[in-house]
Every structure is written in structure tokens, then in C-alpha cells.
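1. pasting a predicted model and its sequence here:
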Amino acid sequence: PLFRRALEGCEKELGANHLNTLVAASNLAALLKAQGRLDEVEPLLRRALEGRENQLGASHPKTLASVDNLATLLKAQGRLGEAEP
């Protein structure tokens with residue numbers, strides 16, 4: 001419950017698109033992925049990616065880390081065409 005609590009707190013105090021909120025979303029996604037709850041991971045990773053693209057730009061290292069995280073998930077799900085079209 002701590003990762004989810006952190007995300008919810010950041011959303012409430014900082015807003016849904018604040019960079020710290022996006023980090024909290026990515027952290028929760030990493031935990032859920034480690035637990036094998038892959039269906040819950042994708043929306044969090046897509047949210048982090050979209051927010052970072054909007055705020056930091058497509059070529060920022062943190063945005064690219066989000067791209068890599070999403071691609072790694074898609075690969076783990078067997079969605080290779082989406083991971084590397």
C-alpha cells in the first residue's frame with residue numbers, strides 16, 4: 001500500500017502531471033511488474049511516458065527511460081510488434 005499511497009498523495013498535493021507524481025506512477029508500475037500484475041502496469045507506464053514527453057520533451061533522458069520501461073513491458077507480454085515496430 002505504500003507505493004499506491006505515495007502516488008495518491010502526489011496526485012492530491014502536486015497534481016496528476018507533476019514530475020514527482022509521474023515518478024510515483026513509475027515506481028508503482030515497477031512493483032506491480034515484479035509481482036507479475038502486468039495488466040495493471042501498462043496504464044501507469046503510459047501515463048508516465050505521456051507526462052514526461054509533454055513536460056520534458058521526447059528526447060529527454062527521463063522520457064527515454066519511460067520509453068524503455070514501456071517497451072520492456074510490451075516485450076514481457078509478448079507484444080513484440082508494439083515494442084519494436
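-> Structure's in. What do you need?
2. pLDDT below threshold where in the protein?
-> Along the chain, the model assigns pLDDT under 70 to no residue.
3. could you point out which element follows the helix or strand hosting residue 73?
-> Using DSSP states H and E, residue 73 sits within helix 61-76. On the C-terminal side of helix 61-76, the closest following helix or strand by DSSP H and E is helix 80-83.
4. would you indicate which residues of the helix holding residue 73 are buried?
-> Neighbour-count burial for helix 61-76, counted by 16 or more other C-beta atoms under 10 Å, picks out 62-63, 66, 69-71, 73-74. Where you see a C-beta, it was placed from the backbone N, CA and C, and this is true even at glycine.
5. tally up the residues packed near residue 44, please.
-> Number of residues near residue 44 (other C-beta atoms under 10 Å) recorded here: 24.
6. which residues sit in contact with it?
-> Each residue near residue 44 by C-beta atoms under 8 Å, 6 or more residues apart in numbering is listed here: 25-26, 28-29, 32.
7. 7 Å - rerun?
-> Applying C-beta atoms under 7 Å, 6 or more residues apart in numbering to residue 44 gives the contacts 25, 28-29.
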